[in-house]
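Student: fold the following and give me the result.
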Amino acid sequence: MGVAEIGTASMQPVNAADVEAALGEMLPVIAREAYFTAALFGLSSRHLDGREKKRNFESAKKSVDHSSQYFRYYVSRTCGIAPEMEGDDKKAQGDAMLSLVASIHLNENMGAYIDHEKKGGDHSLSLAYVRATILDLRKKVDRQWVNWIDEQIKWIRSNPNVPINGKRAGVFSSFSRFPSYLDHVMVCCKAGRKKDYTPNLANIKVVSYYLQKMANSLIASLHECAERETTDQQYGANVMRMENSYFFTQSIKQRGPEFTALFAKQISSASTICKQSTDAYLGWMIKREFKALHSLFSNISRIRRDVGDADVPIHVSRATFIKTLSKESSREVMKEKIGTIYSRMEKHLSESGGLLPVAWKALVKVLYEWFGRWEKLSSQCYKFVLEPSAVDVVRIAKAAGGSGATKTVTPTSDPAIAVTPITKSSRIGLLRSRVDAKDDEGEA
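Tutor: Next comes the predicted model:
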């Protein structure tokens, strides 16, 4: 996909108008030549059987191929078809984007050369010849574009610029460039068309299949990077999946219903990956920072299932319970721990991914659910009111997420196009320093 384009204004369209003009002028000439040949030699007589008609069609094709060779040559060059290469390497080297646009134009021109009225005879034979010519041209331009797609897939699967340990990988280069390529495709397909024209790429089998294949390769490369032995499995793999799957989903949806319909399966798969990895990451974050509370209430929950509410204090004394809460869940301690979580999340998530506000909102919800359960266990087993309450924890978390919001960025490869406004805190002080030190000592 080359270097990512910055903004659609810098994306130069291919010579789509030349393709349209060449097809509009030359295909009718080729059709007339085929009609003249069939009429002159009586190649479409009605009394002929199917085998003879097929033989006559091949004869007419050879004759018309020869007489129209220069017309077809100029159509081929206008469509970006590279000349045949000699030697062992015969792979076409034409312009991939021009090939794609030409394929779409050829596909649209096919409908004009179908014998809808079933006239038969010379008219039908000439139309059949033009359709064969169009199919031959489409085969060549599609091969050139598909060769380019295959090269891009190889590049994607090489996982360029992805850190070995997976930490702070951010949005992969392959993921960030994919939306720019889709923008370029749309710019080129719309060039020279009416303002309200939008190509229906999902209905063109070759185009839809290989664009989806490229998208599938992105998701496959994400799995490969997340699952390799060198990738940090405590949080690195989940962050990697979260950011790239979220970026993929949002960047495709932002580009309109055409691409949303085309990549519906890939969007669904990426959304599932994002949800599962986010749940795992948030659970790890909370357990890491509230290790004592999580251990205490997990133990109480297990004992409660075995012996019931009334006997829980026998196994975990009320004095031990209250002492742990006073040490680990006072309001000041809670503010510090939640602030640490937010600072750590800022460190883990990249600015370009645009996931921080979404992930923090999800974490606030998880905090409410967890502290709500712990509040209920405290009340039922010890008749003790948990302070701060689950609602108070949510307020603290929202305050931590809202403080220092000074910068707006967009999760897209094209800064000129907004997808989802997000905020980025600029706090750098003692809290960030403490988190960095803790992470350097531990798993981060």
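Student: now do the helices in the stretch 301-444 of the chain.
Tutor: For the stretch 301-444 of the chain, the helices defined by DSSP state H, counting those that start in this stretch cover 312-315, 318-328, 331-348, 356-382, 390-402, 430-441.
Student: give the burial count for Lys54, as a bare number.
Tutor: Neighbourhood size, Lys54 [other Cβ atoms under 10 Å]: 11. For every residue, glycine as well, the C-beta is placed using N, CA and C.
Student: ok, which of the helices of the stretch 301-444 of the chain comes nearest Ala82?
Tutor: helix 356-382 (45.4 Å; Cβ to Cβ).
Student: tell me who's in contact with Trp148.
Tutor: Ala96, Ser99 (Cβ atoms under 8 Å, 6 or more residues apart in numbering).
Student: buried residues in the helix or strand where it lies?
Tutor: Trp148 is part of helix 121-157, with elements assigned from DSSP states H and E. For helix 121-157, burial by neighbour count (16 or more other Cβ atoms under 10 Å) applies to 122-134, 137-138, 140-146, 148-149, 152-153, 155-156.
Student: ditto for stretch 301-316
Tutor: Ile303, Arg304, Val312, Pro313, Val316.
Student: pull the most distant pair out of those residues.
Tutor: By the measure Cβ to Cβ, Arg304 and Pro313 form the most distant pair in the buried residues of stretch 301-316, at 10.8 Å.
Student: quickly list what's touching both of the two.
Tutor: Joint contacts of Arg304 and Pro313 (Cβ under 8 Å, 6+ apart) are Cys381.
Student: rewinding a little: now render the helices of the stretch 301-444 of the chain as TSV, adding distance to Ser99 and mean pLDDT.
Tutor: Formatted as TSV, the helices of the stretch 301-444 of the chain follow (distance: least, Cβ to Cβ, whole Å; pLDDT from 0 to 100):
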stretch	distance to Ser99	mean pLDDT
helix 312-315	71	90
helix 318-328	64	91
helix 331-348	42	92
helix 356-382	38	93
helix 390-402	48	91
helix 430-441	49	44
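Student: need those in JSON lines with distance to Ser251, can you?
Tutor: Formatted as JSON lines, the helices of the stretch 301-444 of the chain follow (distance: least, Cβ to Cβ, whole Å):
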{"stretch": "helix 312-315", "distance to Ser251": "50"}
{"stretch": "helix 318-328", "distance to Ser251": "41"}
{"stretch": "helix 331-348", "distance to Ser251": "21"}
{"stretch": "helix 356-382", "distance to Ser251": "14"}
{"stretch": "helix 390-402", "distance to Ser251": "24"}
{"stretch": "helix 430-441", "distance to Ser251": "29"}
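Student: of all those, which one is nearest Thr37?
Tutor: Per Cβ to Cβ, nearest to Thr37 of the helices of the stretch 301-444 of the chain: helix 356-382, 64.8 Å.
Student: who does that closest one touch, helix- and strand-wise?
Tutor: helix 264-289, helix 291-307, helix 312-315, helix 318-328, helix 331-348, helix 390-402, strand 422-425 (3 or more Cβ pairs under 8 Å, 6 or more residues apart in numbering; DSSP states H and E).
Student: for Arg72, find the nearest of these.
Tutor: Of those, nearest to Arg72 by Cβ to Cβ is helix 264-289, at 37.7 Å.
Student: list the helices and strands the closest one packs on?
Tutor: helix 205-227, helix 236-254, helix 331-348, helix 356-382.
Student: most tightly packed of those helices?
Tutor: helix 236-254 (a mean of 25; mean count of other Cβ atoms under 10 Å).
Student: with just CA atoms, put that helix into CSV.
Tutor: In CSV, the C-alpha atoms belonging to helix 236-254 read as follows (Å, rounded to 0.1, in the frame of the first residue of the first chain):
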residue,chain,number,x,y,z
GLY,A,236,0.4,-6.6,25.7
ALA,A,237,-1.5,-9.1,23.6
ASN,A,238,-4.9,-7.8,24.7
VAL,A,239,-3.9,-4.1,24.2
MET,A,240,-2.7,-5.0,20.7
ARG,A,241,-6.0,-6.7,19.8
MET,A,242,-8.1,-4.0,21.4
GLU,A,243,-6.5,-1.0,19.6
ASN,A,244,-6.2,-2.5,16.1
SER,A,245,-9.6,-4.2,16.1
TYR,A,246,-11.3,-1.0,17.3
PHE,A,247,-9.4,1.1,14.8
PHE,A,248,-10.4,-1.2,12.0
THR,A,249,-14.1,-1.2,12.9
GLN,A,250,-14.3,2.6,13.4
SER,A,251,-12.3,3.5,10.3
ILE,A,252,-14.4,1.3,8.1
LYS,A,253,-17.8,2.4,9.5
GLN,A,254,-16.7,6.0,9.2
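Student: got a list of contacts for the following helix or strand past that helix?
Tutor: Next in sequence after helix 236-254, counting helices and strands by DSSP H and E, comes helix 257-262. Helix 257-262 is contacted from outside by 182, 186, 198-202, 208, 211-212, 252-253, 267, using Cβ under 8 Å, 6+ apart.
Student: so which of the residues you listed comes closest to Val101?
Tutor: Pro199 (9.1 Å).
Student: can you confirm that closest one is in a helix?
Tutor: No: applying DSSP: H, G, I helix; E, B strand; the rest coil, one finds Pro199 to be coil, outside a helix.
Student: and it, how many residues sit next to it?
Tutor: Neighbours around Pro199, by other Cβ under 10 Å: 21.
Student: mind checking pLDDT for Asp49?
Tutor: Asp49 is assigned 61 on the pLDDT scale.
Student: what do you get for Phe259?
Tutor: 94.
Student: report how many residues lie close to it.
Tutor: So Phe259, with other Cβ under 10 Å, has 23 neighbours.
Student: any idea how far Lys140 is from it?
Tutor: Distance of Phe259 to Lys140, computed by Cβ to Cβ, to the nearest Å: 26 Å.
Student: next: Ser176.
Tutor: 32 Å.
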